[in-house]
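Undergrad: next come a sequence and a model predicted from it.
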Amino acid sequence: QVQLVESGGGLVKAGGSLGLSCAASGVIGSSGIMGWFRQTPGKEREFVAAVRRGTGTAYYADSVKGRFTVSRDIAKNTLYLHMDSLRPEDTAVYYCAARAVARDRPYTGSSDYPYWGQGTQVTVSS
């Protein structure tokens, strides 16, 4: 069983930066993958970014590419999301997700991830 706890959300002005963390407990194998999704009221959960635990290979949604950076610290079993040049449309609840074993392809669907954190609110004011 994997448990995920996010932290670091908050309120920031447009153009600003914010960092999120996700502490994982439980076993995520070296072939596993961890990711970030976000959701706004009335919309489906949207893929933001993911990173392979072993290789560090990262994947990004087009909407955040060049602005967001996903990374992981294996020793701390922690996932990070650094967000720059934030826009009001980035406002959402951000969720951390994990999959213990993953094949060599991007996992960008919410149904690909069996483990989820509780979410943390990110609000970007204009």
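TA: Now that the structure is in, tell me what you want to look at.
Undergrad: for residue 108, what are its contacts?
TA: Applying Cβ atoms under 8 Å, 6 or more residues apart in numbering to residue 108 gives the contacts 35, 47, 50, 59, 61. Every C-beta, even on glycine, is put in place using the N, C-alpha and C of the backbone.
Undergrad: repeat that with 6 Å
TA: Contacts for residue 108 were tallied using Cβ atoms under 6 Å, 6 or more residues apart in numbering; they are residue 47.
Undergrad: residue 92 versus the residue sitting nearest the centre point of the chain, what's the distance?
TA: What sits nearest the mean C-alpha location of the chain, by Cα atoms, centre = their mean, is residue 36, with 1.9 Å. Distance from residue 36 to residue 92, counting by Cβ to Cβ, to the nearest Å: 10 Å.
Undergrad: do residue 56 as well
TA: 25 Å.
Undergrad: those two - which one has more neighbours?
TA: residue 92 (22 against 11; other Cβ atoms under 10 Å).
Undergrad: can you tell me which residues contact that one?
TA: Contacts of residue 92 by Cβ under 6 Å, 6+ apart are 38, 39, 40.
Undergrad: report the separation between it and residue 42.
TA: Using Cβ to Cβ, residue 92 is found at 12 Å from residue 42.
Undergrad: just to revisit the earlier point, among the contacts of residue 92, which lie within strands?
TA: With strands taken from DSSP state E, the overlap with those comprises 38, 39.
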